[in-house]
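Trainee: A structural model of the following input is requested.
(4 chains)
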Protein chains: 2
Amino acid sequence: MAPANLKDVARLAGVHTATASRALNERTAGMVSPETVERVREAADALGYRVNRVARGLKMRRSFTVGMLIPDITNPFFPRMVRGAEDSLHEAGFTLVLADTDNDPDQERRHRDVMLERQVDGLLLATARRRDRVIDALIAAEVPFVLVNRTVDRGRVAAVIPDDRAGMALAVEHLYAQGHRRIGHVGGPTVTSSGARRAEGFLKALRARGLEPGPTAEAQGFTIEAGREAAPAVLGAAARPSAIVAANDLVALGVLDAADAMGLSCPEDVSIIGFNDMAFIDRLSPPLTSVRIDEYELGRRAAKLLLSLIADPSSKRKTVMLAPELVVRGSTGPPTLD
Amino acid sequence: MAPANLKDVARLAGVHTATASRALNERTAGMVSPETVERVREAADALGYRVNRVARGLKMRRSFTVGMLIPDITNPFFPRMVRGAEDSLHEAGFTLVLADTDNDPDQERRHRDVMLERQVDGLLLATARRRDRVIDALIAAEVPFVLVNRTVDRGRVAAVIPDDRAGMALAVEHLYAQGHRRIGHVGGPTVTSSGARRAEGFLKALRARGLEPGPTAEAQGFTIEAGREAAPAVLGAAARPSAIVAANDLVALGVLDAADAMGLSCPEDVSIIGFNDMAFIDRLSPPLTSVRIDEYELGRRAAKLLLSLIADPSSKRKTVMLAPELVVRGSTGPPTLD
DNA sequence: ATCGTTGGTGCAATCGTTTGCATGAGTGAT
DNA sequence: ATCACTCATGCAAACGATTGCACCAACGAT
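Mentor: Just a heads-up that it's a prediction; the model follows:
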């Protein structure tokens, strides 16, 4: 037996579908007499009526659905972010559609298109590159969207990102205070704002302390693997740094692996700092000192921003920066004198 | 300017919308002359036409959308599962709608309803309890669904779960081989099939070796916190076990914490085995010995099963069990003689 | 008694597709 | 030349809701 529709409810209640629709809708129930509302509600209950949101969406040209594109849910950085977004979305009656893109522009494009075809009311993107054609097209099409974690170089866009430069300053300051003077950096891909801004922030913080820039390298991705590959260039530099700031926690783990492979131990031979303070990073050996970003809040704020953009498309696109916080653990310590 | 619809395309190509629809659809393009198909395609390209899947879904009574309910994406067990499901779904042209329920039946019910209102073609549930009203309703409504990771006690349902009993046998055998004779268990909530089956499997494996059942306790959830709270009952038993098998990795971490708090070290004073072999569990200190479950495969198989159920609703509901594998690491070792 | 107002309801169009059926042109067999 | 078919296309009715507008009854004010 097919599920009941509005017409069935209306027939049972002895009213027109228009009246039934109004009676069932919070916003319009005031137009209908209280007795009728009651009668319609009873009929709906009796039939187990549930509104068909697809039909409603077609008519209202609003799907109450938001798409979210992330590189990879399997990367422990993202789940908290997704959860933050999901929670505020649900609170507002929206549904989340999720897709992973593996940082592949083709996949991003494809998923973006499918989501638009599904008439999502807006998009949450954690996949931005500094120059991003996928995003340019979104701007051109005037689709409401908010960038999360990463942003683009130019154009007024809505974004919620960590204060990357401030985070790097915290990291460098901590190492400086512990006595480190030769500090290296294993950065992330500079095609992303996180990679670029963190590298900049690192250099700026060094300069602020009057230190020479230490050896740096660029990891090809924000992954353990990429960190492992990039690290030797820094660890093996002529004047080996006594400390390394990594672009994020996964890269830091890669650096840790590389150090291990070179027979260097952490923090005795080299201190290492990560970025994000991912889940479980505190239980590794050694527990990683990291620049904490509230990932949940990142997602939550982005969703809220998107909702306001959807409600009022003419509202100002703004970039929100979340303040980082340093969490000191076992992977950093004073340099060994030599 | 509103995005182009089929009528616009048809007008530009000089044909009826029906013809345009057929021309653009792979399946029906054969009904239309090749020249017309070409003309319609060009018109569609020129206008940047994208099909409105909401409208299509309404007409076809198929949304090509699948809902997935999980307890909490933030729990490192789930991301790989979600990813597995997502990948096979996308491959088949379906979209994934995700929701977290925090193991709260009310939330499960609410999300289930919203998803049905959104006309999802089927549901993937990682939230099952052994007796589950939410699921009973799904059966009654004849909605295609597949359970993942956990299943229900009765009724023919489609499910993809790990072979919990076999997994526990692997764990117990390993400990036995290392010389352990007094083995305890910190189980998960027995309202779930995982909790119940693993506890059963544990006892059965002991009996198979002719061992007395060691001390056991039931954690209130599959979390570190719950493991920490339940562990003392086992660790503090009159005859302290030399090894403990935990219901999953998070519970194992809780047990580890509790042991630590009691001044016991692992694996010297007590060996600990987890279940699932979650991401990063190999990098903790000590690296956890665990019963490996292929989480990605769990999600992938469940999605495939669901797709076949959607394609043919009358097809047989079957339970697929995935074989576990033991991964031995630093948290287990021979018992210390005393 | 008349008129304007208000409140409740119904009518019908509409959102953008898909699809069963009708139609008409062209083709080949008889 | 006729008939039966096939092929390509158009027509119009859905799918299940929402909503602007029209309508009508009741009511209070003058």
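
Trainee: what about the residue lying closest to A:D294 once chain neighbours are set aside, distance to DNA strand D?
Mentor: Using Cβ to Cβ, 6 or more residues apart in numbering or on different chains and skipping residues adjacent in sequence, the residue nearest A:D294 is A:L322, 6.2 Å away. C-betas here are computed from N, CA, C, even on glycine. Using Cβ to the nearest atom of the strand, to the nearest Å, one gets 36 Å for the distance from A:L322 to DNA strand D.

Trainee: what's the neighbour count on A:L322?
Mentor: 18 (other Cβ atoms under 10 Å in any protein chain shown).

Trainee: What residues does chain A have near DNA strand C?
Mentor: By Cβ under 7 Å from any atom of the strand, the residues of chain A that approach DNA strand C are A:14-19, A:22, A:31-33, A:35-36, A:55, A:58-59, A:61.

Trainee: farthest pair in these?
Mentor: A:E35 and A:R61 (32.6 Å; Cβ to Cβ).

Trainee: Compare the two (neighbour count), which wins?
Mentor: A:R61 (11 against 8).

Trainee: gap between that one and chain B?
Mentor: Distance of A:R61 to chain B, given as Cβ to the nearest Cβ, to the nearest Å: 9 Å.

Trainee: wait, does the host helix or strand of A:L306 contact DNA strand D?
Mentor: Assigned by DSSP states H and E, A:L306 falls within helix A:295-311. No - using Cβ under 7 Å from any atom of the strand, helix A:295-311 stays clear of DNA strand D, with a minimum separation of 14.7 Å.

Trainee: in the following helix or strand past that helix, what's buried?
Mentor: As assigned by DSSP H and E, the chain's next helix or strand after helix A:295-311 is strand A:319-322. Neighbour counts using 16 or more other Cβ atoms under 10 Å in any protein chain shown place A:320, A:322 of strand A:319-322 among the buried residues.

Trainee: list the helices and strands strand A:319-322 packs on?
Mentor: Strand A:319-322 sits against strand A:159-162, helix A:295-311, with contacts defined as 3 or more Cβ pairs under 8 Å, 6 or more residues apart in numbering or on different chains; DSSP states H and E.

Trainee: any idea which of these is most buried?
Mentor: strand A:159-162 (a mean of 25; mean count of other Cβ atoms under 10 Å in any protein chain shown).

Trainee: in stretch A:199-215, what counts as buried?
Mentor: Going by 16+ other Cβ under 10 Å, stretch A:199-215 has these buried residues: A:199, A:201-203, A:205-206, A:211, A:214-215.

Trainee: What of stretch A:17-28?
Mentor: In stretch A:17-28, counting by 16+ other Cβ under 10 Å, buried: A:19-24.

Trainee: what does that stretch contact?
Mentor: The contact list for stretch A:17-28 (Cβ atoms under 8 Å, 6 or more residues apart in numbering or on different chains) reads A:6-7, A:9-10, A:13, A:15, A:29, A:31-32, A:36-37, A:40-41, A:43-44, A:49, A:51.

Trainee: A:F275 - that's part of a strand, no?
Mentor: Yes - judged by DSSP: H, G, I helix; E, B strand; the rest coil, A:F275 forms part of a strand.

Trainee: Report the residue spans of chain A with pLDDT below the cut-off.
Mentor: A:337-338 (pLDDT under 70).

Trainee: Neighbours of A:R80, how many?
Mentor: 22.

Trainee: and it, what does it touch?
Mentor: Counted by Cβ under 8 Å, 6+ apart, A:R80 has contacts A:279, A:295-296, A:299, B:74.

Trainee: now do A:G84
Mentor: A:295-303.

Trainee: Return the residues of chain A in contact with DNA strand D.
Mentor: A:2, A:5-7, A:17-18, A:21-22, A:24-25, A:28, A:51-52, A:55-56, A:58-60.

Trainee: Show only the entries of those found in helices.
Mentor: Among these, DSSP state H puts A:6-7, A:17-18, A:21-22, A:24, A:55-56, A:58-60 in helices.

Trainee: For the helix holding A:L306, which helices and strands make contact with it?
Mentor: Using 3+ Cβ pairs under 8 Å, 6+ apart, helix A:295-311 sits against helix A:78-91, strand A:122-125, strand A:145-148, strand A:159-162, strand A:319-322.

Trainee: what packs against the host helix or strand of A:R197?
Mentor: Taking DSSP H and E as the definition, A:R197 sits inside helix A:193-208. Here helix A:193-208 touches strand A:159-162, helix A:164-177, strand A:183-187, strand A:216-218, going by 3+ Cβ pairs under 8 Å, 6+ apart.

Trainee: residues in contact with the closest residue to chain B within the stretch 151-300 of chain A?
Mentor: The stretch 151-300 of chain A approaches chain B most closely through A:S285 (3.5 Å), counting by Cβ to the nearest Cβ. Neighbour list for A:S285: B:283-285 [criterion: Cβ under 8 Å, 6+ apart].

Trainee: how about the residues you listed in JSON lines, adding secondary structure?
Mentor: Shown next, in JSON lines, are the contacts of A:S285 (three-state DSSP):
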{"residue": "B:R283", "secondary structure": "helix"}
{"residue": "B:L284", "secondary structure": "strand"}
{"residue": "B:S285", "secondary structure": "coil"}
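
Trainee: I would like the residues contacting the helix holding A:L306, please.
Mentor: Residues contacting helix A:295-311 (Cβ under 8 Å, 6+ apart): A:66, A:77-78, A:80-89, A:92, A:94, A:121-124, A:144-149, A:158-162, A:276, A:278, A:315, A:317-318, A:320, A:322.

Trainee: what about the spatially closest residue to A:L253 that is not a sequence neighbour, neighbour count?
Mentor: Of all residues beyond its chain neighbours, the one nearest A:L253 is A:I224 (4.8 Å), with distances taken as Cβ to Cβ, 6+ apart. For A:I224, the count of nearby residues is 20 (other Cβ under 10 Å).

Trainee: What's the separation between A:I224 and B:R197?
Mentor: 34 Å (Cβ to Cβ, to the nearest Å).

Trainee: can you give me the angle whichever strand or helix holds A:A233 makes with strand A:183-187?
Mentor: Using DSSP H and E, A:A233 falls within helix A:224-235. Between helix A:224-235 and strand A:183-187, the angle comes out at 150 degrees (axes from the mean of the first three to the mean of the last three Cα atoms, to 10 degrees).

Trainee: Show me what counts as buried in helix A:224-235.
Mentor: For helix A:224-235, using 16+ other Cβ under 10 Å, the buried residues are A:224, A:226-235.

Trainee: Turn the residues you listed into a markdown table, columns for distance to A:L138.
Mentor: Listed next are the buried residues of helix A:224-235 as a markdown table, based on distance: Cβ to Cβ, whole Å:
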| residue | distance to A:L138 |
| --- | --- |
| A:I224 | 31 |
| A:A226 | 28 |
| A:G227 | 31 |
| A:R228 | 35 |
| A:E229 | 33 |
| A:A230 | 32 |
| A:A231 | 36 |
| A:P232 | 39 |
| A:A233 | 36 |
| A:V234 | 37 |
| A:L235 | 41 |
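
Trainee: Just the closest of the residues you listed to B:H180, please.
Mentor: A:I224 (33.4 Å).

Trainee: now the closest one: how far from DNA strand C?
Mentor: Counting by Cβ to the nearest atom of the strand - A:I224 and DNA strand C are separated by 44 Å.

Trainee: Identify the residue spatially nearest to A:I293, adjacent ones excluded.
Mentor: Nearest non-adjacent residue to A:I293 (Cβ to Cβ, 6+ apart): A:P162, at 4.5 Å.

Trainee: cool, and A:H16?
Mentor: A:A10 (6.0 Å).

Trainee: For the one you found, what is the enclosing helix or strand?
Mentor: A:A10 belongs to helix A:6-13, assigned by DSSP H and E.

Trainee: quick one: A:E38 is in a helix?
Mentor: Yes - counting by three-state DSSP, A:E38 is part of a helix.

Trainee: Can you list phi and psi of A:L98 for me?
Mentor: Main-chain dihedrals, A:L98, degrees, to the nearest 10: phi -110, psi 140.

Trainee: Is A:V270 in contact with A:A258, as I believe?
Mentor: No - using Cβ atoms under 8 Å as the test, A:V270 is too far from A:A258 to be in contact (10.0 Å).
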